[in-house]
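S.K.: Provided below for reference: sequence and predicted model.
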Amino acid sequence: MVTQRKPKASKYLITPTRPVQVDRDRSVAGLLEKMEGTGFGGRQLAEAHRIWLDMLGDNTTIMVAGSGALIPAGMRRLLAYVVKNRFVDVLVLSGSMLFHDLHETLGRYHFQAHPTMTDAELDSAQISRMWDLLASDEEYREANEWVGGFTNQLDQSRPYSTREFLHLIGRELAEIASEDGLLTSAYKARVPIFCPAIADSGIAVGIAASRFEKKNNFMFDIVQDVLDMMNITGRARVTGVINLGGGTPKSFIQQTEVSTFISKDHHHGHKYAIQITTDTPHPGGRSNAVSFDEGLIYGKLARGAHTAYVNCDATIALPILITALSQTAAKYMKGRKRPNFTFGRELVVEAL
């Protein structure tokens, strides 16, 4: 009988936790640095900050997947900041997120709800509700009409990828915007935006209304988006992903590993990954959940990838994380090589 040798406890008990001390003179970045010595969500948020910096220092093509009502919840300026400063290189966003951004770029607002407001009274006043946030239905319809009017100006003889269409919308909005949002910042910084589920948004409603009125015959070419993303991934030296929530934007980025087989530019999975979400896998939402285990299937993540799983509301995590980056990222950006894009019917990618 062979007795199995027990591993020594010293093999595992290596790094002690470091209790956070109060230091009124430390910056947000300094606080996150101290949180690296803690556990649970605090440590993961600190890890996310470190991984984002590592991506910037490793000449990584950084892709962000975003969904949910982050713009109505006040995240617009923060997200525009990371785009303007090229802390990210590619955006894949939900249609609602882009519509909310367009709405605010047109000079409109979202509002806070009061706990005593009822859905019945808001409905009678033609107010849309997103938990504790409000928007005017009339103003949303005006944004729909703006999209329809913009689409009427485009060449109707050919389809457009969502990436090309959103770049053109950003250019149009940049002429009238008093403050940059995601669409205008991405246009100015030459960061491509993809929206794989654009039909699920007020943008599509505006286009549909215009077609119904026989003002245009505009169509999308979703397949070109897949080819453009394949080209971006295939030419990247290293890739990293930042997931804000889950859903179609996250899935669209995850399928790039599969799509690169089309061009035989085999992608070995993302070297870096940050996930910020409150979703859990046990109700069947595994692809949206905080764990990246599902990402290892088909090699979506590289073996040994650097990952942070931040189980937190993004409206809590993003202000801390992006404020810290504003204090720490400059030295990582000095020698950073990032992908350059030439926009047209097809996206031309200059390889790193």
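M.R.: The structure has been received and is ready for your questions.
S.K.: contacts, neighbours, all on C-alpha from now
M.R.: Fine.
S.K.: Leu45 and Ile320, how far apart?
M.R.: Using Cα to Cα, to the nearest Å, Leu45 is found at 9 Å from Ile320.
S.K.: looking at those two, which one has more neighbours?
M.R.: For the pair Leu45 and Ile320, the greater number of neighbours falls to Leu45 (28 against 18), based on other Cα atoms under 10 Å.
S.K.: which ones are touching that one?
M.R.: Leu32, Ala308, Tyr309, Val310, Ala317, Leu321 (Cα atoms under 8 Å, 6 or more residues apart in numbering).
S.K.: among the residues you listed, which one lies nearest to Gly181?
M.R.: Of all these, Gly181 sits closest to Leu321, with 18.7 Å by Cα to Cα.
S.K.: and stretch 327-344, how far out from the chain's middle?
M.R.: Chain-centre distance of stretch 327-344: 17 Å, with Cα atoms, centre = their mean, to the nearest Å.
S.K.: what mean pLDDT does the helix or strand in which Tyr81 is found have?
M.R.: Take DSSP states H and E as the rule and Tyr81 turns out to sit in helix 76-84. Per-residue pLDDT over helix 76-84 has a mean of 98.
S.K.: low-confidence ranges, this structure, go.
M.R.: 1-4, 265-266, 280-299, 352 (pLDDT under 70).
S.K.: show me where the stretch 251-352 of the chain has its strands.
M.R.: 270-277, 301-311, 340-342, 348-350 (DSSP state E, counting those that start in this stretch).
S.K.: only the C-alpha atoms, please, for stretch 17-37, written as CSV.
M.R.: C-alpha atoms of stretch 17-37 as CSV (Å, rounded to 0.1, in the frame of the first residue of the first chain):
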residue,chain,number,x,y,z
THR,A,17,-3.5,39.7,3.5
ARG,A,18,-2.7,43.4,4.3
PRO,A,19,-5.5,45.2,6.2
VAL,A,20,-6.4,48.5,4.6
GLN,A,21,-5.4,51.5,6.7
VAL,A,22,-7.0,54.9,6.6
ASP,A,23,-4.8,57.4,4.8
ARG,A,24,-6.5,60.6,3.9
ASP,A,25,-3.7,61.7,1.6
ARG,A,26,-3.9,58.7,-0.8
SER,A,27,-5.4,59.0,-4.2
VAL,A,28,-8.1,56.6,-5.6
ALA,A,29,-5.3,54.8,-7.4
GLY,A,30,-3.4,54.5,-4.1
LEU,A,31,-6.5,53.1,-2.4
LEU,A,32,-6.8,50.4,-5.1
GLU,A,33,-3.2,49.6,-4.6
LYS,A,34,-3.8,49.0,-0.9
MET,A,35,-6.9,46.9,-1.8
GLU,A,36,-4.6,44.5,-3.7
GLY,A,37,-3.7,43.1,-0.3
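S.K.: now what about that stretch, what contacts it?
M.R.: For stretch 17-37, using Cα under 8 Å, 6+ apart, the contacting residues are 16, 38-39, 42-47, 49, 320, 323-325, 327-328.
S.K.: picking up where we left off before, alpha carbons of the very next helix or strand once past the helix holding Tyr81, as PDB, please.
M.R.: Beyond helix 76-84 in the direction of the C-terminus, DSSP H and E gives the next helix or strand as strand 90-93. C-alpha atoms of strand 90-93 as PDB (Å, rounded to 0.1, in the frame of the first residue of the first chain):
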ATOM      1  CA  VAL A  90     -12.700  48.600 -30.000                       C
ATOM      2  CA  LEU A  91     -16.200  49.000 -28.600                       C
ATOM      3  CA  VAL A  92     -19.000  46.400 -28.900                       C
ATOM      4  CA  LEU A  93     -22.100  47.900 -27.400                       C
END
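S.K.: what sits up against the next helix or strand after strand 90-93?
M.R.: Sequence order places helix 95-105 as the next helix or strand after strand 90-93, per DSSP H and E. Helix 95-105 has contacts (Cα under 8 Å, 6+ apart) with 66-72, 76, 109-110, 139-140, 143, 173, 177-183, 195, 197-203.
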